[in-house]
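1. Structural data only, the sequence is not supplied:
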């Protein structure tokens, strides 16, 4: 006791266990001691023993061995804990990068908070969002912040393989299981043992494969194709889709993919921050206004904005400019939205006048209506399938539309045809797309949004506006022929 103070050392070795709320790991009070102190304490014990020529007696020997065992376990736990803390810090760095790629806005803040909350909990996760919103980046952040961070993360696209090949890729197969199976093969569930599997485009997975996936989630067991032996699957499943309506409903029940994270499109602030990230390595002219670009790109994902910045830089390089100007970004945006310029089309002077008259009708109506979006640019350069375009620039993102706003937008869409009638005295085929947009808005006003005073606040389910799940066996058009005629009259009015 005089040399090594065994009583205090033994008491310290019996640390009280606790649960760390951030990691979910069982830790102890010894973790509060820096690692170098724990190592130094163990080394000091054995140096003291060597200086005395060995153990004093059997009791001291048992006591000191107990101390050494407990201290070694504490040191191992401390190292594992510090490793996990480091992984968590790396995950937060990933999330900070992700917040730039998706936009440091209220949308990304919610996603970041959800990821930080569910990552330490070893459960299945379903990521929902449109293409290009960063679902794979979010999956990597979840994996990095989890206890499985030092194990592999395996990604597979369910839409890229046929049914048999997809099952072989996931579960493996034995020789002769199907044509072309010339040797045994391990599936991703075996390759990623102890790690994470990310299933992208899981909505495109065949229903039979979804049932086999359900078995893995519930029992943790699977079989290779062509074999009967049950294998254990110690993996965490993260899936992503932009079509949750085509998933088998049993996969969405509690205990399966019950943790769902929606990654939405970035808002105006988010789009501006994304553009700011992607234009860092690009020399910009003083006339470039990222705020205007963000306003003019509603519905753009992070991938779309990255491509916008890249296309603008390529155009500036093609024109041998030393910096990228605002016109390069506008050109890249129009090319992405409408298509490339059709220089092969040569319009006559009469056709140019007709197109200009049509587009001017849109612009004049939008200028005088109080609820319409302001006009940003008018062009009669043919792009894609359009001979001319009138671009409106929203002042802010809209998530809820008033009846007055929709009526004004319908009027703007029909302004081109009215202008043709007034100033040309005839009509052209240029209003075809305008009629499609106006009819779609009017139809939704009557059948979906309850904005018809005559039909009242009712939703009339039709084949035209039905967006129900494929599992919904009800058919559209569940109303009488008289009601159908009233709907047509209201849409026309």
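-> Nice, I can see it. The shown structure was predicted, so the numbers you read here are calculated from the model rather than taken from an experiment.

2. Please identify the buried residues of the helix or strand harbouring residue 418?
-> Element membership of residue 418, judged by DSSP states H and E, is helix 403-423. Neighbour-count burial for helix 403-423 flags 405-420 (criterion: 16 or more other CB atoms under 10 Å). Every C-beta, even on glycine, is put in place using the N, C-alpha and C of the backbone.

3. same for it, what does it pack against?
-> helix 349-368, helix 432-447 (3 or more CB pairs under 8 Å, 6 or more residues apart in numbering; DSSP states H and E).

4. Let's have those in JSON lines, adding mean neighbour count and mean pLDDT.
-> As requested, those are exported to JSON lines (neighbours: other CB atoms under 10 Å; pLDDT from 0 to 100):
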{"stretch": "helix 349-368", "mean neighbour count": "18", "mean pLDDT": "91"}
{"stretch": "helix 432-447", "mean neighbour count": "17", "mean pLDDT": "90"}
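
5. With distance to residue 260 added, can I get those in CSV?
-> Formatted as CSV, these follow (distance: least, CB to CB, whole Å):
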stretch, distance to residue 260
helix 349-368, 39
helix 432-447, 27
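
6. separation between the residue nearest in space to the middle of the chain and residue 263?
-> Closest residue to the average C-alpha location of the chain: residue 135 at 3.0 Å, with CA atoms, centre = their mean. Residue 135 sits 6 Å away from residue 263, going by CB to CB, to the nearest Å.

7. Quick check: neighbours shared by the two?
-> Residues touching both residue 135 and residue 263 (CB atoms under 8 Å, 6 or more residues apart in numbering) are 127, 129.

8. so how many other residues sit close to the residue nearest to residue 403 when sequence neighbours are not counted?
-> Closest residue in space to residue 403, ignoring its immediate chain neighbours: residue 451 at 5.1 Å, by CB to CB, 6 or more residues apart in numbering. For residue 451, the neighbour count with other CB atoms under 10 Å is 19.

9. do the same with residue 273
-> Other residues near residue 273 come to 23 when the count uses other CB under 10 Å.

10. Where does it fall, secondary structure wise?
-> Going by DSSP H and E, residue 273 is part of helix 268-278.

11. after that helix, next one along is what?
-> Heading C-terminal from helix 268-278 (DSSP H and E), you reach helix 290-295.

12. average pLDDT across that next one?
-> Helix 290-295 carries an average pLDDT of 89.

13. The helix holding residue 273: which residues count as buried?
-> Applying 16+ other CB under 10 Å to helix 268-278 flags 268-275, 277-278 as buried.

14. which of the residues in stretch 163-182 are buried?
-> Per 16+ other CB under 10 Å, stretch 163-182 contains these buried residues: 164, 166-174, 177, 181.

15. rewinding a little: what's next to the helix holding residue 418, contact-wise?
-> So helix 403-423 is in contact with 354, 357-366, 369-373, 392, 398, 426-428, 430-431, 434-435, 437-438, 441-442, 445, 451, going by CB under 8 Å, 6+ apart.

16. what does stretch 357-370 give?
-> Against stretch 357-370 from outside (CB under 8 Å, 6+ apart): 372-375, 378-380, 388-390, 392, 404, 408, 411-420, 423-424, 428, 430-431, 434.

17. chain center to that stretch, what's the gap?
-> When distances are taken as CA atoms, centre = their mean, to the nearest Å, stretch 357-370 is centred 37 Å away from the chain's centroid.

18. try stretch 220-228
-> 31 Å.

19. Regarding that stretch, how distant is the last residue from the first?
-> 15 Å (CA to CA, to the nearest Å).

20. can you check stretch 136-151 too?
-> 17 Å.

21. Start the count at 365 instead of 1 going forward.
-> All set: I'll call the first residue 365, so the last point we hit is now stretch 500-515.

22. and it, what's its mean pLDDT?
-> The average pLDDT within stretch 500-515 is 87.

23. what comes up buried for it?
-> Result for stretch 500-515 [16+ other CB under 10 Å]: buried residues 501-513, 515.

24. okay, among those, which ones form the most distant pair?
-> Greatest spacing in the buried residues of stretch 500-515, by CB to CB: 501 and 511 (20.1 Å).

25. can you list the weak-confidence ranges in the stretch 365-514 of the chain?
-> In the predicted model, the stretch 365-514 of the chain carries pLDDT under 70 at residues 365-473.

26. Generate TSV for the buried residues of helix 632-642, with pLDDT as supplementary columns.
-> Converted to TSV, these look like this (pLDDT from 0 to 100):
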residue	pLDDT
632	86
633	84
634	84
635	87
636	88
637	86
638	87
639	90
641	86
642	89
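
27. Among these, which one sits closest to residue 702?
-> Nearest to residue 702 among the buried residues of helix 632-642: residue 635, at 18.9 Å, using CB to CB.

28. about what we covered before: now the helix holding residue 637, how far from the chain's geometric center?
-> 16 Å.

29. I'd like to know which elements that helix is packed against.
-> Checking 3+ CB pairs under 8 Å, 6+ apart, helix 632-642 ends up next to helix 422-466, helix 470-482, helix 654-659, helix 666-682.
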